[in-house]
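Asker: Any chance you could fold what I've pasted below:
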Amino acid sequence: MAYFHGTIYSQVLQMNTSVTAVVPNTILTDEKPYPVVYLLHGLSGNFSDWESAQLQLLSETYRICLILPEVQRSFYIDMKYGLPYFTYISEELPKICKKLFPISDKREDTYVMGLSMGGYGALKCALKKPEQYAGCAAFSAACDIEEVAKRAEEEQRIDEMKAILGLDYELLKENDLFLMAKECEASTLKPSIFMTCGTEDFIYNMSVKFRDFMKDVDIPFVYQEWSGTHEWYLWNKSLHLACEHFFERVQLENYCNIQ
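Answerer: Predicted coordinates for the structure are as follows:
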């Protein structure tokens, strides 16, 4: 495996920002560019959270490149009073990464996955830009932005949400995943969505609400749940299941070299 961590300059954000990439160790012998997974972090984390998720093993097993960006606590939204993180993640970052890493530029090879806030971000990317992403995986996703805003008020984080959505939450509607899903339903190209959540998760009801809503939406959708909370045991398992769902395994000849 090749592991790269560094800093890029974003014209969209007008600042330096961190990017990490995990690439198979067959980088010199494989002729084709790799499928890519943009892996999005949660609200209180950053790219390093995913280091517990056996990224090396997944990269080698499925011959995929994993890209780990940083968006702070932005909810992957073009903030009302802040930075345009959705534009960065969905438009600028892929262009930069295609220049830097041996990844495919084909839609059928492009995926986005995330946990919690990153699960929301992954769903938004896939539903807003179905022509760009073949698939999306969301784990313990904070998929009801209206409920997220209400909880922020209860937890006295209202200033943070107003910076993201506006003083009167005027950006709430355009960032509603339920509305995005109905709009995406009319698209010629539709992403395949894979979701998981623990039944004891404090945002479990959001996942159930979105699952039930998607039953009447013509978009490929798979949902799995099992006992678990908002924690890494569930997210590690979910990431492995998502890769198994979307990609084909490659026989590992030198498994002993993966540490």
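Asker: So which residues of this protein form helices?
Answerer: All helices of the chain, identified by DSSP state H, fall at 55-62, 85-87, 93-100, 117-128, 145-154, 158-165, 177-185, 204-214, 232-246.
Asker: Could you identify which of the ones you listed is most buried?
Answerer: helix 117-128 (a mean of 28; mean count of other CB atoms under 10 Å). C-beta coordinates here come from the backbone N, C-alpha and C atoms, glycine included.
Asker: Which strands and helices lie in contact with that helix?
Answerer: strand 36-40, helix 85-87, strand 110-115, strand 135-139, helix 177-185, strand 192-198 (3 or more CB pairs under 8 Å, 6 or more residues apart in numbering; DSSP states H and E).
Asker: between those, which gets nearest to Gln14?
Answerer: Gln14 lies closest, by CB to CB, to one member of the helices and strands packed on helix 117-128: helix 85-87, at 11.9 Å.
Asker: Outside of the closest one itself, list whatever touches it.
Answerer: 12-13, 71-72, 74-79, 121, 124-125, 128 (CB atoms under 8 Å, 6 or more residues apart in numbering).
Asker: give me that answer again for 6 Å
Answerer: Residues outside helix 85-87 that contact it (CB atoms under 6 Å, 6 or more residues apart in numbering): Val12, Val71, Ser74, Tyr76, Ile77, Asp78.
Asker: Dump these to JSON lines, plus distance to Ala137.
Answerer: Listed next are the contacts of helix 85-87 as JSON lines, based on distance: CB to CB, whole Å:
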{"residue": "Val12", "distance to Ala137": "25"}
{"residue": "Val71", "distance to Ala137": "17"}
{"residue": "Ser74", "distance to Ala137": "20"}
{"residue": "Tyr76", "distance to Ala137": "15"}
{"residue": "Ile77", "distance to Ala137": "20"}
{"residue": "Asp78", "distance to Ala137": "23"}
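Asker: who touches stretch 106-118?
Answerer: 35-43, 75, 121-122, 125-126, 133-137, 139-140, 142, 235, 242.
Asker: Quick check: Ala126 touching Gln132?
Answerer: No. Using CB atoms under 6 Å, Ala126 makes no contact with Gln132, being 8.3 Å away.
Asker: re earlier: okay if I get the helices and strands packed on helix 117-128 as CSV plus distance to Leu28?
Answerer: Formatted as CSV, the helices and strands packed on helix 117-128 follow (distance: least, CB to CB, whole Å):
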stretch, distance to Leu28
strand 36-40, 18
helix 85-87, 34
strand 110-115, 23
strand 135-139, 28
helix 177-185, 39
strand 192-198, 31
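Asker: would you turn the ones you listed into JSON lines with mean pLDDT and distance to Arg151?
Answerer: Formatted as JSON lines, the helices and strands packed on helix 117-128 follow (pLDDT from 0 to 100; distance: least, CB to CB, whole Å):
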{"stretch": "strand 36-40", "mean pLDDT": "98", "distance to Arg151": "20"}
{"stretch": "helix 85-87", "mean pLDDT": "98", "distance to Arg151": "20"}
{"stretch": "strand 110-115", "mean pLDDT": "98", "distance to Arg151": "17"}
{"stretch": "strand 135-139", "mean pLDDT": "98", "distance to Arg151": "18"}
{"stretch": "helix 177-185", "mean pLDDT": "98", "distance to Arg151": "16"}
{"stretch": "strand 192-198", "mean pLDDT": "98", "distance to Arg151": "16"}
